[in-house]
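Novice: have a look at this prediction, sequence included:
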Amino acid sequence: SPAVEQIKKLVQEVDSGQEVAPERRAALLETFEQYECWGPYFRLLKRCIDNPATRQLSDYVRLSRVQNLYLEDVFAAAETSAAMVAELKLSYQRFSEEVLPQVMEFEDFAAEATILSAVCDRLPSPADHVACLERLCMLYEKKTHNETQLGKIYEKLLSIDPRNVRSEEHTSELQSH
């Protein structure tokens, strides 16, 4: 079929090792994603991400999104997100506003917690770290109801920001776990 022939040509183009212009790259990735041709898709993205000259936020976002939403591997998406934050020095605000909504389903709090846990230590500033830990505490307390993780994350938060105490009752409750 013509579509199969077109895909074969695109795969050859990617596997030739030649540099692919950013506009062309987006079109190739869209086509590979549409036809679920994951091998060349991942090879092209990896090549772009591994090269500091061609590395772009959109490549990381695309990779993380596919890992989480198509391949249902939130841990791979979390690793990709952590690398993204470290390499591109993304702030917590930018990551949470521009990246997270594209990488996960709306209100998938378990996936959000997994991804934020992976990126937290890679964030560029102490303020980013605190904001991320506060969000993780809220997720574990109110959304996923994971008392064990809540205790660990809250302790980590207090070690960075000792004045970040919500209430005496809450603190003693956490320390008893």
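Specialist: Looks like it arrived, so ask away.
Novice: quick check: which ranges of this structure have low pLDDT?
Specialist: Along the chain, segments meeting pLDDT under 70 span 166-177.
Novice: list the helices and strands whichever helix or strand L133 is part of packs on?
Specialist: Taking DSSP states H and E as the criterion, L133 maps to helix 126-138. Here helix 126-138 touches helix 92-94, helix 109-119, helix 147-160, going by 3 or more Cβ pairs under 8 Å, 6 or more residues apart in numbering; DSSP states H and E. Where C-beta positions appear, they are placed from N, C-alpha and C, glycine not excepted.
Novice: how about residues contacting stretch 80-96?
Specialist: Residues outside stretch 80-96 that contact it (Cβ atoms under 8 Å, 6 or more residues apart in numbering) are 49, 55, 57, 60-61, 63-64, 67, 99, 103, 115, 118-119, 122-125, 127-129, 131-132, 135.
Novice: and it, how far from the chain's centre?
Specialist: Stretch 80-96 has its C-alpha centroid displaced from the chain centroid by 8 Å (Cα atoms, centre = their mean, to the nearest Å).
Novice: can I get that stretch in CSV, CA atoms only?
Specialist: Extracted in CSV, the C-alpha atoms of stretch 80-96 (Å, rounded to 0.1, in the frame of the first residue of the first chain):
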residue,chain,number,x,y,z
THR,A,80,12.4,11.1,30.9
SER,A,81,10.8,14.0,32.8
ALA,A,82,13.6,14.0,35.4
ALA,A,83,16.2,14.1,32.6
MET,A,84,14.2,16.9,31.0
VAL,A,85,14.1,19.0,34.1
ALA,A,86,17.9,18.5,34.8
GLU,A,87,19.0,19.1,31.2
LEU,A,88,16.8,22.1,30.5
LYS,A,89,16.8,23.5,34.1
LEU,A,90,13.1,23.8,34.1
SER,A,91,11.4,25.5,37.1
TYR,A,92,8.7,23.7,39.0
GLN,A,93,6.1,26.2,37.7
ARG,A,94,7.1,25.8,34.1
PHE,A,95,7.2,22.0,34.4
SER,A,96,3.8,21.8,36.1
